[in-house]
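> sequence and predicted model, in that order:
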Amino acid sequence: MKNKLLASSAITALTAFGSAATAELTISGTARVGLMTTEGAAAVVGDTVYSASAGDAAFMEIVSSLSVYQTLDATGSAVAGITSADSTATAPTAGNVAAMRALRANIAAKVENAITSVLRSDAAVDLASVDAILARIDATVTTAVAAKSDTTTAENRVRISFAGSGETDGGLTYGFSARADQSNSSNGGSQYISGAFGKVSMGDLDGADEQMAGNLAGVGFTGAGSHQNFAYQSASHNLSYSISMAGVSFAASTDLVRGADSTKTGSNSAMGIKWSGDVGGATVGIGLGQSKVGTLSEDSISASVSMGGLTIKAVSHSNDNGASVASTAASLSSASGTAHTAAVADVPNYDTDTTGLSISYAMDSLTVTAFTRTEETQGVADKDYSGVGFAYNMGGATLKAGFVDNNNISVMDFGLNFSF
């Protein structure tokens, strides 16, 4: 239910400033109360895993096998102490990392104290090799985490929403929307101007691709983590244009730098198109979207069909994760007088593909909804999300419950959403 405040004095004031033919201000509110339970998790054992390119790993194995660093060959001639033609190696271990760090002190001493300048020079080359590798080693540290028990929390929230609209004598419409949250930490809002030319919006907006392709239907009175939503990189755009005609809608958006914010650089744009119409008594929608932020691009497509109380929607979303990086070879030896250089491994930056499906069925006051969504990136474990829930409309208040599998962590919520 919405309370509309429409006063002749307000219209008179708006007319004086903007030649308004009509104007309207609405205030509405929503609130929710309930409980949410999140499944606990098993303890995680702490560990450190080292990784390096093949060239670095081979060089580390050579270094860790040296009991004493040498800068003389069998005849007493000066040579660089670390040489090898080895081209293969296993992943670095804590043992050869420690051995390399220990040998570094021995090499450093040769740089300072070797008898001749040639020997000192050879040792300096090897020291540069060792220091560079130690700096490049990637240590993945898994922090030990104690086991977590199931938790149940009380969830409540209040939101007051404001919306205003008006129309000039010339037929130009304008308006705004804003809200105040119980936490008093949100000041999101947007404004628009529209006419025969289309609609221009500014403020806190979804990107044009998300506007046209959209998300799946969610469950629960809190959303239970909102895992039905896709991670659109254009989610925080602040300027958009849209137009609709004959069942076809088009939108374009961008995120302009605000004030002293210099973090938004490079391309930052999105566009989308959607068709919706009647096909054999069913309402069918097809949406396409694309965005580009810096060098990263995303493509999205959605399809939906509604007939009677049944609504089905499918969404597919792909992020290219940036350009691939070609590999280069490594130098495994310092004998040439040049410090070891690491190989650069292929970085394919495989696409992240996300697909999902939701189904809702409404029967009088009861609506049952289910969704599933999967994120896939080659070389990375898939992430799976699914949920099922119901909503029962009691008139002004809706009883909702949801169960969500958050990538193998169960989340359940139950409560009331009401509006005024």
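That came through, no problem.

> which residue is nearest the middle of the chain?
Ala231 (5.1 Å; Cα atoms, centre = their mean).

> so what pLDDT did that one get?
The predicted local distance difference test score for Ala231 is 91.

> quick one: contacts for it?
317, 319, 354 (Cβ atoms under 8 Å, 6 or more residues apart in numbering). Backbone N, C-alpha and C define where each C-beta goes, glycine included.

> wait, is it part of a helix?
No. Assignment of Ala231 by DSSP: H, G, I helix; E, B strand; the rest coil gives coil, placing it outside any helix.

> distance check, it against Leu296.
Remark: distance between Ala231 and Leu296 (Cβ to Cβ, to the nearest Å) = 12 Å.

> where does the stretch 201-350 of the chain have low pLDDT?
Counting by pLDDT under 70, the stretch 201-350 of the chain has low-confidence residues at 257-266, 323-347.

> now the strands for it?
237-245, 248-254, 268-279, 282-293, 296-307, 310-319 (DSSP state E, counting those that start in this stretch).

> the fourth one pairs with which strands, parallel or anti?
Going back to what we said before, that points to strand 282-293. Here strand 282-293 is paired, per DSSP bridges, with strand 268-279 (antiparallel), strand 296-307 (antiparallel).

> okay if I get those as a markdown table plus mean neighbour count and distance to Leu288?
Conversion of the strands paired with strand 282-293 to a markdown table gives the following (neighbours: other Cβ atoms under 10 Å; distance: least, Cβ to Cβ, whole Å):
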| stretch | mean neighbour count | distance to Leu288 |
| --- | --- | --- |
| strand 268-279 | 18 | 5 |
| strand 296-307 | 19 | 5 |
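
> rebuild the ones you listed as CSV, extending it with distance to Gly175.
Conversion of these to CSV gives the following (distance: least, Cβ to Cβ, whole Å):
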stretch, distance to Gly175
strand 268-279, 22
strand 296-307, 27
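
> Leu127: which of those is closest?
Comparing the strands paired with strand 282-293 against Leu127 with Cβ to Cβ, the closest turns out to be strand 296-307 (39.2 Å).

> TSV please, covering the strands of the stretch 201-350 of the chain and showing distance to Glu112.
Formatted as TSV, the strands of the stretch 201-350 of the chain follow (distance: least, Cβ to Cβ, whole Å):
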stretch	distance to Glu112
strand 237-245	58
strand 248-254	58
strand 268-279	53
strand 282-293	50
strand 296-307	48
strand 310-319	51
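
> between the ones you listed, which one is nearest to Thr222?
Between Thr222 and the strands of the stretch 201-350 of the chain, the tightest spacing by Cβ to Cβ is seen for strand 310-319, at 21.0 Å.
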